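**Student:** make a model of this:
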Amino acid sequence: MSDQVVNLYRSLEEVGLVGKNAFKFGSPDEIVLVSGGPYSHLSKLSIICGPSNTRVTIRQPSLSLLDANEKHSPLDGEISLAMTKSPFTAEIEEWQHGCWYHSNSLFAKDIADLFEQLKKITPKEKFETISNHFTPNKPFWSGSFAYDMVQWTQPIALQHVPEEGDLLGVLWLIDKYIVHSNEDDLMEVITNNNDWRSLVENEISQEQRPFSLIEQPKNDYLEIPSHTDKEHIEILERIKQSIADGQVYQVNFGRFWTSKLIESPKVIFYRLLKSNPAPFSTYISAEDLGFAIVSSSPESLLKCQNGFVHTSPIKGTCERGNSIADEKELREIMIEDVKERSEHRMLVDLMRNDLSAVCEVGSVNIERFDVETYSNVQHLVSHIKGKLLPEENGLTAFNSIFPGGSITGCPRTMVCAVIDEIEMQPRSFWTGSAGWIDVHSGDCSWNILIRTLQATYKNNTWHGSIGAGGGITIKSNTELEVLETYWKAEAIRSACGWILNDKINILPNELSIYPLEIEQQDKVFNNPSGRVFRKLDNQTNLVSCGVLLIDNLDSFTLNIAHAIAGIGHNVTILNGRGEKADIMSDPSNLYDMLDVLKPSHIIIGPGPGTPKDSNLSMAIASHALAGQIDVSILGICLGHQALGLADNNNIIKSPNGAIHGTKVLCHHDGLRLFTGLESPHSFTRYNSLTVDKKSLNGTLKICATDENNEIMALYHPNLPIFGIQFHPESIGSTNGLKLLENFLGHQSDA
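**Tutor:** You can find the predicted model right below:
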């Protein structure tokens with residue numbers, strides 16, 4: 001279906017309706033969003049943006065304006081948190097007299113704040129003609145953000161920042177565009193500019209001359225890799241060691257190839273549309289900035305429509321195969337592979353958490369689970385949907401979910417710091433996002449910029465950079481992970497002429513979809529009555545904070561909070577790490593806080609590192625075991641280990657190896673938390689460390705173990721204190737919500 005879009009675009013260029021000859025209608029900058037492949041729930045619409053007269057650029061500020069950050073090693077558990085950030089500057093530019101002129105400057109604390117401020121210069125009037133498809137019905141912004149905008153979406157300060165003045169984002173105000181439907185192959189022109197509309201409609205009515213690419217010329221320039229295969233493997237082994245030490249669960253490591261281009265980025269884009277069609281392909285170009293993006297992305301970061309948000313994380317990869325039978329066998333191996341499924345489950349739990357930050361309790365669910373097949377690879381893909389809270393919108397949703405979890409890892413904040421440490425260079429636009437947003441309604445559609453070329457024009461030559469990577473878990477085979485990186489980069493490296501793709505592929509290269517059975521939490525709440533509060537400042541009018549949940553920088557905390565709220569309890573989330581948390585861990589401050597909040601229960605949440613990394617968690621665990629906190633306590637994962645450590649037991653590396661995102665059978669006594677649950681029971685684990693069974697000499701008793709006799713749950717014989725090593729809120733934990741209900745049924749006088 002992309003042929004029709006390319007043919008029309010070429011015609012529009014020739015008559016000066018888009019591109020460098022469109023000076024009558026606006027700038028020469030170009031934005032094309034192409035949904036390649038046959039019609040499906042993914043590949044629906046393509047958008048050709050008309051010439052724009054207003055754009056916004058974001059550049060890297062000087063180091064003096066950023067938070068200072070001393071050298072440290074997140075891989076070793078060191079993290080420098082920056083809860084407050086200096087704002088970034090967004091320059092508004094107007095196209096006048098054949099040039100872009102500076103108009104105004106905006107100062108934004110994060111991406112959502114930028115979108116909010118853009119409302120002031122974005123017309124609210126609807127287009128006279130409105131598409132029947134999901135496209136903007138009024139002027140909107142389209143463009144791209146670099147991954148390095150993570151500086152304003154995560155509470156960390158990067159050690160390897162982009163150079164001062166490097167481009168971090170560019171958006172254009174679009175008031176005219178064309179939409180092409182893959183379903184009915186029709187073109188619609190959407191604008192209030194009648195002159196442009198009539199000229200475009202005239203071109204659409206003409207028979208388009210088919211566009212054929214010339215034979216690709218030979219590119220004799222050698223590409224320069226950021227790492228050798230040996231260095232790549234060594235870094236992956238370091239990551240696996242950090243996972244074994246409990247610092248992270250999964251890390252997406254990126255590798256880069258750079259070289260000169262002998263064809264323009266636009267021609268390379270056309271080649272990719274032929275060789276590697278993908279539903280979220282993008283071409284963006286700004287000649288005066290010397291900047292272009294060419295992407296054949298298969299992944300949607302965020303779609304927001306009519307108060308609902310959608311994300312479609314990809315994690316789990318295998319090759320295509322040389323025949324239909326071979327491909328089917330490889331696909332089935334991937335589906336059954338513990339490592340691939342654990343990696344995918346972890347990502348789904350992460351993205352559920354990110355959507356839960358802006359969605360109603362009980363509304364975040366998995367709509368479908370598929371294998372999607374592209375030209376070189378097959379992927380596991382889940383499609384997740386949630387209903388926005390009344391006070392949230394697509395602006396805040398984008399800020400919550402950026403950058404995508406599939407290209408960072410888990411837990412999010414820690415792995416973003418790890419990525420900065422191990423890659424030792426900015427990612428720029430690779431793994432950033434491109435798309436569009438209506439800042440007034442919040443409706444939007446954004447991809448993740450994988451399978452992407454970033455091109456820069458300097459010294460009269462186009463230079464290109466390509467990134468590719470994969471999620472590294474404790475079960476990763478490092479040699480295969482390196483090979484997977486080559487698979488992912490192959491199509492776009494070939495389109496650049498850097499490698500020769502001489503494979504004879506008898507299989508179609510268009511998108512194919514194979515539905516799978518959905519793995520999902522066991523209970524959906526139709527009328528949840530609980531609420532989730534992130535800040536104590538918002539609770540001054542509450543009689544009680546409800547359940548107090550300690551957040552230890554984990555990426556599943558909001559899943560726990562929503563599960564509890566779905567059962568009918570209010571939840572207040574309190575940061576367990578950072579300067580404020582350390583102050584709160586002082587006994588006097590802790591008792592004062594509990595006296596004010598009056599929690600019904602306390603949950604010490606999971607997180608990376610060791611229990612000693614969270615002074616507040618250790619303080620609550622210690623005082624609870626001493627009988628000084630008259631509230632029921634549950635420790636989950638790291639919180640469980642904090643209780644074990646406070647009870648004078650040792651915390652060691654799991655003798656049977658780290659487990660993340662994997663379902664295991666727990667043998668339990670059927671009492672207390674496990675009342676009404678069969679034994680053994682399946683729960684999902686995310687842990688590298690464990691309470692040493694051999695050192696158990698305190699007051700806590702074992703009530704559950706796994707098949708290797710490793711401690712899975714502890715309880716206090718006289719006090720309502722419990723610890724579990726697994727995650728009951730995970731999609732892989734059958735009846736996990738029943739366990740949480742059992743805990744919430746325990747009162748402090750139990």
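**Student:** can we go C-alpha only for contacts and neighbour counts from here?
**Tutor:** Will do.
**Student:** low-confidence ranges, the stretch 451-600 of the chain, go.
**Tutor:** For the stretch 451-600 of the chain, the stretches with pLDDT under 70 are 501-509, 521-529, 534-543.
**Student:** buried residues in stretch 676-696?
**Tutor:** Residues 677, 680-692, 696 are the ones in stretch 676-696 that count as buried (16 or more other C-alpha atoms under 10 Å).
**Student:** whoops, stretch 697-712 was the one
**Tutor:** L700, K701, I702, C703, A704, T705, D706, E710, I711, M712.
**Student:** just the pLDDT at the closest residue to L449 other than its chain neighbours, thanks.
**Tutor:** Computed as C-alpha to C-alpha, 6 or more residues apart in numbering, the closest residue to L449 that is not its neighbour in sequence is T431, at 4.6 Å. The model reports T431 with a pLDDT of 97.
**Student:** wait, doesn't T431 sit right on P403?
**Tutor:** Yes: look at T431 against P403 with C-alpha atoms under 8 Å: they come within range, at 7.4 Å.
**Student:** look at the two and report which has more neighbours.
**Tutor:** Shown here are T431 and P403; by other C-alpha atoms under 10 Å, T431 has more neighbours (28 against 25).
**Student:** where does this structure have low pLDDT?
**Tutor:** 1, 38, 64-69, 501-509, 521-529, 534-543, 747-750.
**Student:** one more time with 80, if that's ok
**Tutor:** Scanning the chain for pLDDT under 80 picks out the ranges 1-2, 37-43, 63-70, 83, 207-211, 375-376, 501-511, 520-530, 534-544, 746-750.
**Student:** domain parsing for it?
**Tutor:** Taking automatic domain parsing as the reference, the chain has its domains at 2-516, 532-744.
**Student:** with the buried residues of stretch 676-696 in mind, which one is nearest to L301?
**Tutor:** Lowest distance from L301 to the buried residues of stretch 676-696 (C-alpha to C-alpha) belongs to Y686, with 24.3 Å.
**Student:** partner residues bridging the closest one?
**Tutor:** Under DSSP bridges, the beta-bridge partners of Y686 are H660.
**Student:** I'd like to know how many residues surround Y514.
**Tutor:** 11.
**Student:** one more: N104?
**Tutor:** N104: 11 neighbours (other C-alpha under 10 Å).
**Student:** quick one, what contacts it?
**Tutor:** Contacts of N104 were listed using C-alpha atoms under 8 Å, 6 or more residues apart in numbering, and they are E91, I92, E93.
**Student:** alpha carbons only: can I get the helix or strand containing it in CSV?
**Tutor:** Secondary structure from DSSP states H and E places N104 in strand 99-108. Provided in CSV are the C-alpha atoms of strand 99-108 (Å, rounded to 0.1, in the frame of the first residue of the first chain):
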residue,chain,number,x,y,z
CYS,A,99,13.7,31.3,5.9
TRP,A,100,12.9,30.2,9.4
TYR,A,101,12.9,33.1,11.9
HIS,A,102,13.0,32.9,15.6
SER,A,103,9.6,34.0,17.1
ASN,A,104,9.6,33.1,20.8
SER,A,105,11.0,30.8,23.5
LEU,A,106,9.2,28.4,25.8
PHE,A,107,10.7,27.0,29.0
ALA,A,108,9.3,23.6,29.9
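**Student:** can you tell me which two in the buried residues of stretch 697-712 are farthest apart?
**Tutor:** That would be L700 and D706, which, of the buried residues of stretch 697-712, are the farthest apart (C-alpha to C-alpha) at 17.5 Å.
**Student:** can you show me the strands along the stretch 551-700 of the chain?
**Tutor:** For the stretch 551-700 of the chain, the strands defined by DSSP state E, counting those that start in this stretch occupy 571-575, 601-604, 632-636, 651-653, 659-668, 681-687, 689-691.
**Student:** can you redo the ones you listed as a markdown table with distance to I419?
**Tutor:** Formatted as a markdown table, the strands of the stretch 551-700 of the chain follow (distance: least, C-alpha to C-alpha, whole Å):
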| stretch | distance to I419 |
| --- | --- |
| strand 571-575 | 23 |
| strand 601-604 | 27 |
| strand 632-636 | 26 |
| strand 651-653 | 23 |
| strand 659-668 | 19 |
| strand 681-687 | 20 |
| strand 689-691 | 22 |
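**Student:** these two touch, right, V338 and T662?
**Tutor:** Yes: using C-alpha under 8 Å, V338 makes contact with T662 at a distance of 7.3 Å.
**Student:** sweet, I'm off.
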